[in-house]
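Colleague: model this:
(chains A, B, C and D)
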Protein chains: 4
Amino acid sequence: MIQMTLIQIDNYGPWTVTPTPRTESDLQILQSTLYAELQKQFAAKEGIVFFTRFDNMLAITNNISLEDHARIQRSIHNRFPITVSMGIGTAETPYEAQKKATIALQSNGGAQSETRKEILCADGIVDKENSFVQVAHIDINGITDTLTDIEPAYDTSFIVNKVQHYLMKKLIDEGALLFFIGGDNFMSPCNGMTLEDIERVIDEVKAETNIDLKAGVGQSVTPEGATDLADIALEEIRAGHERQVYLMTKKK
Amino acid sequence: MIQMTLIQIDNYGPWTVTPTPRTESDLQILQSTLYAELQKQFAAKEGIVFFTRFDNMLAITNNISLEDHARIQRSIHNRFPITVSMGIGTAETPYEAQKKATIALQSNGGAQSETRKEILCADGIVDKENSFVQVAHIDINGITDTLTDIEPAYDTSFIVNKVQHYLMKKLIDEGALLFFIGGDNFMSPCNGMTLEDIERVIDEVKAETNIDLKAGVGQSVTPEGATDLADIALEEIRAGHERQVYLMTKKK
Amino acid sequence: MIQMTLIQIDNYGPWTVTPTPRTESDLQILQSTLYAELQKQFAAKEGIVFFTRFDNMLAITNNISLEDHARIQRSIHNRFPITVSMGIGTAETPYEAQKKATIALQSNGGAQSETRKEILCADGIVDKENSFVQVAHIDINGITDTLTDIEPAYDTSFIVNKVQHYLMKKLIDEGALLFFIGGDNFMSPCNGMTLEDIERVIDEVKAETNIDLKAGVGQSVTPEGATDLADIALEEIRAGHERQVYLMTKKK
Amino acid sequence: MIQMTLIQIDNYGPWTVTPTPRTESDLQILQSTLYAELQKQFAAKEGIVFFTRFDNMLAITNNISLEDHARIQRSIHNRFPITVSMGIGTAETPYEAQKKATIALQSNGGAQSETRKEILCADGIVDKENSFVQVAHIDINGITDTLTDIEPAYDTSFIVNKVQHYLMKKLIDEGALLFFIGGDNFMSPCNGMTLEDIERVIDEVKAETNIDLKAGVGQSVTPEGATDLADIALEEIRAGHERQVYLMTKKK
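Modeller: Sure, this is the predicted structure:
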C-alpha cells in the first residue's frame, strides 16, 4: 500500500491578486520556498514531496502520521503568509491513493473557499506492515551530449517537456504517476507495475518521441528508501552493469 | 530588444551522484532554493527568472549589467555547494535571445565539463534606449470549478501539463517561449507577437485540448514592468472588462 | 539528564578569507541560513538549537539519536558550501553536558584543522527513561513601554546585551547556560536549578542592572516539550496569574 | 554622513503568543530567515544589515533610496506572516543616525501598536556627494588556539559576549555602534573615530578583559565598500603586515 498526501494552499488564487496582483517574482519565491520547506519537513520523516503545480503538491508519505502532518501545517502557518490544507489517501496504486486524498480534501471545501483553512483529513493511513513504495527514477540517455551542449536551452527544455507529456499519458493508464524533478529526470511512483510494464512504456515513448530513456526502480517500506534505491539502480545502468530498466529492492 | 540569460549549474549531473547518489529530497531542496535565490537577486534588479529545468534556468534580464550578473554568481558560490555559469543573449525575439545566450555559453565549454566554472559571457547587452519586453500571462478559465475542486489532483496536473505542451509547440513557431509558473499559470516572453497572434495560438490550443485560455499582455522597458502589467491586464479580463486577450503597455 | 550537541562549522575561519575575504553580507546570509536549517532539522525531532556564535552552535538534543545527527550532517553538506562536525554530551547540568560535548569534539581535531571534517562523536546519549530537560524562558518586564518605544534602538539593544552579560555570569555558577533568542528574550537550559535559585539570580541581576525580569520555567522529557511549557508559564506570569517565576511540568 | 535604517517587525510580541505561544523553534526560524532575507535585499543595493535584536534590526543604508526601502517592505509582506516598518536617519555619527531613525519611527506609533503597519519614514536621506561610511571589523587574536580548541564551547561564547559588552560600553561614548557578526567577529560603524580612538578603545577593553583585539578599518562611499575594505585591512594585520589597527580607504 502506498500513502499519498495532497497539499493545497488555502484560497491561494484570490490571495495572489489581493488587493492588487502581487509581484510575480515574489510569488515565484514564495512558491519555491514553500516547496523547499515542505520537502525539508517531509524528508525529515523520510517522505518525499513533488512540486506538481506548486499550489497543489503531491507527496508520498508512508510512515508519516497524522500528528506529523499537523506539525508541518503548524510550522507553515507560523512562517508563511498562507496556510495549507492536506488530504491523505492510501491504495494499491499511486493513482488511486492521490484520488482518495483529493476526494477527502475536496469534501472539506473548495480550493478557493474563504472558510476552509488548514484542514487535515485522511481517507486512511498505511500501517507499517502494509507499507510498500515503488518508484522509478527515469532519465534521458546522454542528454548532455545530444541536447544540452549543442541545442538552444529552450529547445532542450521543450523536448524534456514533451517526454514528460508522453510519459504522463502512458503511465496514468498503469495507475502510476510522473513528476519532473529537474534536469532530464522524472520520478514515477509506480506501485503495481512490473519491470516489463515500465520497459514497455519506455519503448512506447521512444516510438513517439525518438528519445531513449532508462529507469532505475526502487522498492522499500519508506519513500526515501525507495527513491534511494531507484537512484542507485539508475547508477548501475549508467555504469553499464544493467539494461534499460533495473530494480533494487529492500526487504525489512 | 529583449535580453535573456541562461543560467547553468556547473557540472551538476556528476556532482549529484558523487561519491554516491545524493538523497533526492536534498537535491530537490537545493534546486528550489537555488531558484528562489536567483529569483530574489534578479528581481532586486527588476528581472525575472523561470525555473525551466532547474539545472538550466532562463531569465529575462533587460537592464541588468554584466557586473550585476557577476555579483550574483559570486553570491551563489559563497552560499551554495555548486557554482553557476551564465550566458547572455539579446535579440528581437525571446527565442533568438535564448539561442544566442546558449551559444555564448556552449562555446565556453560543456555543461559537464570539469574545467568550465563560473563562466560569464555575453553575445550582447541591451542598452536602455532599445530595451523592450513583452510578456503574456496566460491562465486557464475557471480551473478551480471545472478541475481543481472536482477532479483528482493528478488529473488536473496532467491537463495543465498538456496545455503547457501545446502552448510551447505553438509559441516556438512565433519566436516566443513559455514557462509554467505554478497553478494554472504560464508566462510567455513574446516580443514581436501581436494580440491577434496570441489570440490565434490560444484558439488553436483550445481546438486541440478543449481548454479555454486567456492572456494578459504587458509591455515595458523592464521585465518586472512587463510582468506587472501582464498581471493587471489579466485581472481586467477576469473582472469582465476585457476580452480573451488584453494588452497594457507603459511608455517610459 | 540533559543531552547537548555542539555543532561546529569545519575550518570555517580560513574558508571565509579564501582566496580573499568573502563579502560580509554573504557570510551573514550563510550563517543565518545555516542556523535556520539546523533549527528546522533538529526541531523536526523536537530539539532546539541556539545560534550561540553561529560558527559554533549549541543545541539541546534529548531523544535525538546518532543516526538522526548523521542525517542532518549529510543534508547540510548536500546543500551548503561548508560541512559541520558535531559532538554530543550528556550530564545532570547543561554546563557539564556542553563541556563533555566540546571535549568529545576537540579530541577529534581542531576547529581550523584542514583534515577534520564532518566528525560525529558522542560522550553519551540519554535514553528515554533518564531524559529530562528544564529550561527557563526569561524576558524583561514592560520593555516596549520603557525602552523600545522611547529610547534609541541601539540603547535598548545595549541594555538587552547588558542583561545577557549579567545573566550569563550568574547562571554559569549554577551549571546553567543562557542564550539570547531575540527581542528581550533569553532561554536558559537550567536542569538542577530550583525556582528559588532562578528567582535569586533574577534578583541579583535586577540589583546590578535595575532591570526587572521574569521567568517561565518548563520541564519535560523533550526539549520542545520543555520550551513549550516555559512559554506557557511565561504567558501565565504576563497575564498576572503568577509571580515572577513560574513552573510548568509534564510527566510522561 | 552615514545613513542608518531601523527595521522593526510590526506588533511582533503579541503575534508570537496569539492565540497561544508559537513554537519557539518556528520563531527562531522565522527570525533568522527574515534577517537573511533583509540582508539579501539590502546587500543587493550594497547595504548591510545587523541582526541586533532580530525584531529590531539596524542597517547601514547609504545610497539606498526610499523607493528601494519600500520595495523591500513589499517583498517581505508578500512572503512572510509579518510586516516590517522602517525609519531612516542620517548624521555625522552612527549613534546619532540610528537615534534619528528611531525617533522618526517612534513618532509614527509604537512597536506593539495594532494600527501601525508597514510605516516607512525618514529623517533624511544622504546624497551621493556626502555619503561616507567608516566601519571597523574587530576580532579576537588567536581565539581558535586559546579558546575554541581548548575551552568548553559555552565558556568561549561567554568570553566573546563579555568582549562585546565592554566594546559596546566604550564605543557608545564615541558615537560608534557595535554588532556581533558571528565567531569572534564584531562590526563597528564608527564614522568620526580616528585610528587612535579605536586603538585606545581596544587597549581599554584589553585592560578590563585581558583579551587582545585587532581592528581592520574601511572607509568608502557605500556600506559594502567600507566592509570589504575593513575585511581586507584585517587580513593585512593577520598576515603581519600591519599593527593592531589598520585603515584602508577608497576615494571615489
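Colleague: SS state for A:I198?
Modeller: helix (DSSP: H, G, I helix; E, B strand; the rest coil).
Colleague: you'd agree it is up against A:F186?
Modeller: No: look at A:I198 against A:F186 with CB atoms under 8 Å: they stay out of range, at 11.8 Å. All C-beta atoms are positioned from the backbone trio N, CA, C, and that covers glycine.
Colleague: need the contact list for the closest residue to A:I150 other than its chain neighbours.
Modeller: Spatial nearest neighbour of A:I150, chain neighbours left out: B:Q106 (7.1 Å); criterion: CB to CB, 6 or more residues apart in numbering or on different chains. Shown in contact with B:Q106 (CB atoms under 8 Å, 6 or more residues apart in numbering or on different chains): A:D149, A:I150, B:G87.
Colleague: The same query, at a cut-off of 10 Å, please.
Modeller: The contact partners of B:Q106, by CB atoms under 10 Å, 6 or more residues apart in numbering or on different chains, come to A:T148, A:D149, A:I150, A:E151, A:P152, A:A153, B:L6, B:Q8, B:G87, B:C121.
Colleague: Quick check, the fourth one in contact with B:L6.
Modeller: Think A:E151. No: counting by CB atoms under 10 Å, A:E151 does not reach B:L6; the two are 11.8 Å apart.
Colleague: tell me, what's touching those two both at once?
Modeller: Common neighbours of A:E151 and B:L6 (CB under 10 Å, 6+ apart) are B:K99, B:T102, B:Q106.
Colleague: how close does the last one sit to chain D?
Modeller: In this structure, B:Q106 and chain D are separated by 29 Å, where distance is defined by CB to the nearest CB, to the nearest Å.
Colleague: do the helix or strand containing A:A226 and chain B meet at all?
Modeller: Assigned by DSSP states H and E, A:A226 belongs to helix A:223-238. Yes: using CB under 10 Å from any CB of the partner chain, we find that helix A:223-238 touches chain B at A:223-224, A:226-235, A:238.
Colleague: so which of those residues is the most crowded?
Modeller: Counting neighbours by other CB atoms under 10 Å in any protein chain shown, A:A226 leads the residues of helix A:223-238 next to chain B with 33 neighbours.
Colleague: I'd like to know how far it sits from A:A176.
Modeller: Distance, A:A226 to A:A176, by CB to CB, to the nearest Å: 13 Å.
Colleague: if I look at these two, which residues touch both of them?
Modeller: A:Q134, A:V135, A:A136, A:P189, A:C190, A:N191.
Colleague: Surely A:D228 is in contact with A:T249?
Modeller: No: using CB under 10 Å as the test, A:D228 is too far from A:T249 to be in contact (11.7 Å).
Colleague: and for the two, which residues touch both?
Modeller: Common neighbours of A:D228 and A:T249, counting by CB under 10 Å, 6+ apart, are A:G218, A:S220.
Colleague: Would whatever helix or strand A:G89 lives in count as contacting chain D?
Modeller: For A:G89, the host element (DSSP H and E) is strand A:84-91. No: Strand A:84-91 stays clear of chain D (CB under 10 Å from any CB), getting no nearer than 13.0 Å.
Colleague: Now do the contacts for the residue of chain A found nearest chain C.
Modeller: Residue nearest to chain C within chain A (CB to the nearest CB): A:A44, separated by 3.7 Å. Taking CB under 10 Å, 6+ apart, we find A:A44 in contact with A:64, A:68, A:72, B:25, C:40-45, C:68, C:71-72, C:75.
Colleague: And those, which is closest to chain D?
Modeller: Using CB to the nearest CB, the contacts of A:A44 come closest to chain D at C:A43, 3.5 Å.
Colleague: Now do the contacts for that closest one.
Modeller: A:41, A:44, A:71, A:75, C:49, C:59, C:223-224, C:227, D:23-26, D:28-29 are the contacts of C:A43 under CB under 10 Å, 6+ apart.
Colleague: make it 8 Å
Modeller: C:A43 touches A:S75, C:V49, C:E224, D:T23, D:S25, D:D26, D:I29, counting by CB under 8 Å, 6+ apart.
Colleague: Kindly report the same for A:K40.
Modeller: Here A:K40 is in contact with B:S25, B:I29, C:E37, C:K40, C:Q41, C:A44 (CB under 8 Å, 6+ apart).
Colleague: if we can go back for a sec, strand partners (parallel or antiparallel) of the helix or strand following the helix holding A:A226?
Modeller: Downstream of helix A:223-238, the next assigned helix or strand under DSSP H and E is strand A:245-249. Neighbouring strands of strand A:245-249 in its sheet, by DSSP bridges, are strand A:213-220 (parallel).
Colleague: Can you tell me the closest non-neighbouring residue to A:K250?
Modeller: A:K250 sits nearest to A:S220 (CB to CB, 6+ apart), 4.7 Å away.
Colleague: my guess is the one you found contacts A:L247, does it?
Modeller: No: between A:S220 and A:L247 there is no contact, the gap being 11.5 Å when judged by CB under 8 Å.
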